[in-house]
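Student: turn this into a structure:
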Amino acid sequence: QVQLVESGGGLVQAGESLRLSCLASGHTFSNYDAGWFRQAPGKDREFVAAISRDAGSKFSAASVKGRFTISRDNAKNTMYLQMDSLKPEDTAEYYCAAGDIYGADAGFYSFWGQGIQVTVSS
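Tutor: As a prediction, the model looks like this:
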């Protein structure tokens, strides 16, 4: 089992930045691929970004490409999501996830955090 806890969310204005963190405990975090997902009110959960277990591969959704950067520090058992140039449409609950398969499909991930709110005002 891997326990995941997100932090760093909050309320910001459009154009500002936030950095989300995801702290893993339990099994060795470096054994898992990981990703970020988000869910806005009334919408389905959507993929944001993914990173392989050794951080050698990463990719992000078209909607955030060039603005959001995923990274991880396995020595600290932590994954990050740097969010720049935030837009009101980025407002959502953000979830970190870990699993055995690297990709954009939420079904690839067995372990999920509780989620953290990000609100971007216009």
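Student: where does Lys65 land in three-state SS?
Tutor: coil (DSSP: H, G, I helix; E, B strand; the rest coil).
Student: now do it, the pLDDT please.
Tutor: On pLDDT, Lys65 comes in at 97.
Student: next up, phi/psi of it, please.
Tutor: Main-chain torsions, Lys65, degrees, to the nearest 10: phi -60, psi 130.
Student: and it, how many neighbours?
Tutor: Burial of Lys65, expressed as a neighbour count using other CB atoms under 10 Å, amounts to 11. To be clear about C-beta, it is placed using only N, CA and C from the backbone, and glycine gets the same treatment.
Student: dump the residue contacts of the residue most central in space within the chain.
Tutor: Nearest to the geometric centre of the chain sits Trp36, at 2.5 Å (CA atoms, centre = their mean). Residues near Trp36 by CB atoms under 8 Å, 6 or more residues apart in numbering: 20, 22, 48-50, 70, 79, 81, 94-97.
Student: reformat these as JSON lines; add neighbour count.
Tutor: Output for the contacts of Trp36, formatted as JSON lines (neighbours: other CB atoms under 10 Å):
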{"residue": "Leu20", "neighbour count": "24"}
{"residue": "Cys22", "neighbour count": "26"}
{"residue": "Val48", "neighbour count": "24"}
{"residue": "Ala49", "neighbour count": "24"}
{"residue": "Ala50", "neighbour count": "25"}
{"residue": "Ile70", "neighbour count": "22"}
{"residue": "Met79", "neighbour count": "29"}
{"residue": "Leu81", "neighbour count": "26"}
{"residue": "Tyr94", "neighbour count": "23"}
{"residue": "Tyr95", "neighbour count": "23"}
{"residue": "Cys96", "neighbour count": "30"}
{"residue": "Ala97", "neighbour count": "24"}
